[in-house]
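1. Sequence and predicted structure, then a few things I'm wondering about:
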Amino acid sequence: MSLRIDGKKISSDIKEELKEQVKQLKEEGVSVCLAVIQVGNDPASSVYVNNKKKACAYIGIESQAYELPEETTQEELLALIDRLNKDDHVNGILVQLPVPAHMDEKEIIQAISPAKDVDGFHPQSVGALSTGEPGFVSCTPAGIIQLLKRSGISIDGKDCVVVGRSNIVGKPMAMLLLRENGTVTICHSHTKNLKEVCQRADILVAAIGKPKFFDESYVKDGAVVIDVGIHRNAENKLCGDVDYDKVADKVSAITPVPGGVGPMTIAMLMNNCVEAALRMNNR
Ligand SMILES: NC(=O)C1=CN([C@@H]2O[C@H](COP(=O)(O)OP(=O)(O)OC[C@H]3O[C@@H](n4cnc5c(N)ncnc54)[C@H](OP(=O)(O)O)[C@@H]3O)[C@@H](O)[C@H]2O)C=CC1
Ligand SMILES: Nc1nc(=O)c2c([nH]1)NC[C@@H]1CN(c3ccc(C(=O)N[C@@H](CCC(=O)O)C(=O)O)cc3)C=[N+]21
């Protein structure tokens, strides 16, 4: 029997803790406010943005939603970011990705003040993660560390294999596992013998964006498997990068999709917003 790591439960525990903390801060006159910007109306993005608003409302964080039309220009978006950067009431700024093809994502990410970069995507935040300085950490990998810790799974000295090297998941994931004293291998589309490398993992993080790619032949007996992938099929059913049913019996612990990593991403975003408010108020 393997442990089904319950991201829904762990994320609601974290949200409960944050709710308490936000209540306390309010009594001390400190408010927390997140600005969420969505350009265009991609339905998947709208679902995520809505989940973020709901989480804010639950915890007691004020959320400002900016729903901009698809035709918004780069300059218009940059002007909004500039205004929010200067607004002392706003603690966190998030631009939902992907942005429409006519926009420059890199320039947008760099325009957000690092002090309000609750996504942890700004180069300054990424650099701080790498050198161990304080800064915001990308929410999905930060959530995965919480899932492991709160499930009593130690990372220290473990062979960790991260498959995927994106700036928002794979790379920061590897950096965080390293910070926790894991021995980290990063794999990608040019990796030779991917299966053999994965078979060595005590902790395997799957983040390639290919539905049910990883079956039982990729995992060692008793390994811990973290599934970051999210895919929606024709019947609107969700699945991950891991074939859960084929892998579950072989491993010691595994995250499901839905109800694994996804809810943690939002919980960590909320955590970063509270963190931003604390820092802005010199706490
Ligand atoms: N649960 C959550 O909160 C979140 C979930 N996601 C999901 O996680 C998945 C990954 O997202 P993201 O990191 O943004 O994806 P990207 O598409 O940006 O990156 C995918 C990575 O996987 C690598 N890759 C692709 N195919 C293979 C393969 N066959 N073998 C080995 N490596 C491969 C790519 O390699 P190369 O660099 O060589 O091209 C790349 O590094 C998606 O399903 C996404 O929806 C994403 C963010 C948050
Ligand atoms: N600037 C920015 N920051 C992000 O953090 C960001 C982004 N852009 N663009 C898209 C990705 C994806 N992402 C998810 C958040 C929550 C769930 C989540 O709550 N998933 C639920 C299911 C939700 C559903 O029903 O679809 C689960 O897995 O159980 C998933 C994925 C954040 N992202």
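-> Yes, it's here. The shown structure was predicted, so the numbers you read here are calculated from the model rather than taken from an experiment. Ligands and ions are numbered 1, 2, ... in the order given.
2. What about the residue of the stretch 51-200 of the chain found nearest ligand 2, how many residues nearby?
-> With C-beta to the nearest ligand atom, the shortest gap between the stretch 51-200 of the chain and ligand 2 falls at residue 97, namely 3.7 Å. Glycine gets a C-beta too; all of them are placed from N, C-alpha and C. For residue 97, the count of nearby residues is 15 (other C-beta atoms under 10 Å).
3. And residue 243, by the same measure?
-> When neighbours are counted by other C-beta under 10 Å, residue 243 registers 17.
4. Also residue 15?
-> Residue 15 has 18 neighbouring residues, counting by other C-beta under 10 Å.
5. Okay, it and ligand 1: tell me how far apart.
-> In this structure, residue 15 and ligand 1 are 15 Å apart, going by C-beta to the nearest ligand atom, to the nearest Å.
6. quick revisit: wait, the residue of the stretch 51-200 of the chain closest to ligand 2 touches residue 105, no?
-> Yes. If you go by C-beta atoms under 8 Å, residue 97 and residue 105 touch, sitting 6.7 Å apart.
7. so what's the residue of the stretch 51-200 of the chain closest to ligand 2 scoring on pLDDT?
-> With respect to pLDDT, residue 97 has a value of 96.
8. does it count as helix, strand or coil?
-> With DSSP: H, G, I helix; E, B strand; the rest coil as the basis, residue 97 sits in coil.
9. who's in contact with it?
-> For residue 97, the contacting residues are 105, 168, by C-beta atoms under 8 Å, 6 or more residues apart in numbering.
10. So what does it look like in phi/psi?
-> Torsion angles at residue 97 (phi, psi; degrees, to the nearest 10) stand at phi -100, psi 150.
11. for this protein, what spans make up the helices?
-> Applying DSSP state H to the chain gives helices spanning 7-27, 43-59, 74-86, 105-111, 123-131, 139-150, 170-179, 194-199, 244-247, 261-280.
12. coming back round to it: distance-wise, check the residue of the stretch 51-200 of the chain closest to ligand 2 relative to ligand 1.
-> Distance, residue 97 to ligand 1, by C-beta to the nearest ligand atom: 9 Å.
13. domains of this protein?
-> By the assignment in automatic domain parsing, the chain contains the domains 29-115, 139-262.
14. Tabulate the helices of the chain (CSV), appending distance to residue 33 and mean pLDDT.
-> Formatted as CSV, these follow (distance: least, C-beta to C-beta, whole Å; pLDDT from 0 to 100):
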stretch, distance to residue 33, mean pLDDT
helix 7-27, 11, 98
helix 43-59, 9, 95
helix 74-86, 10, 98
helix 105-111, 19, 98
helix 123-131, 19, 98
helix 139-150, 17, 98
helix 170-179, 25, 98
helix 194-199, 42, 98
helix 244-247, 38, 98
helix 261-280, 8, 98
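15. can you redo these as TSV with distance to ligand 2?
-> As requested, those are arranged in TSV below (distance: least, C-beta to the nearest ligand atom, whole Å):
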stretch	distance to ligand 2
helix 7-27	7
helix 43-59	5
helix 74-86	13
helix 105-111	9
helix 123-131	13
helix 139-150	5
helix 170-179	12
helix 194-199	22
helix 244-247	12
helix 261-280	2
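16. Export these to TSV and append columns for distance to residue 164.
-> What follows is the helices of the chain, written out as TSV (distance: least, C-beta to C-beta, whole Å):
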stretch	distance to residue 164
helix 7-27	18
helix 43-59	19
helix 74-86	28
helix 105-111	18
helix 123-131	16
helix 139-150	11
helix 170-179	4
helix 194-199	11
helix 244-247	17
helix 261-280	12
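17. Indicate which one of those is closest to residue 210.
-> Smallest distance to residue 210 across the helices of the chain (C-beta to C-beta): 11.5 Å, for helix 194-199.
18. what sits against the residue lying closest to residue 46 once chain neighbours are set aside?
-> In this structure, residue 46 finds its nearest non-sequential neighbour in residue 38, 7.1 Å apart by C-beta to C-beta, 6 or more residues apart in numbering. The neighbours of residue 38, taking C-beta under 8 Å, 6+ apart as the test, are 45-46, 49, 65-68, 96.
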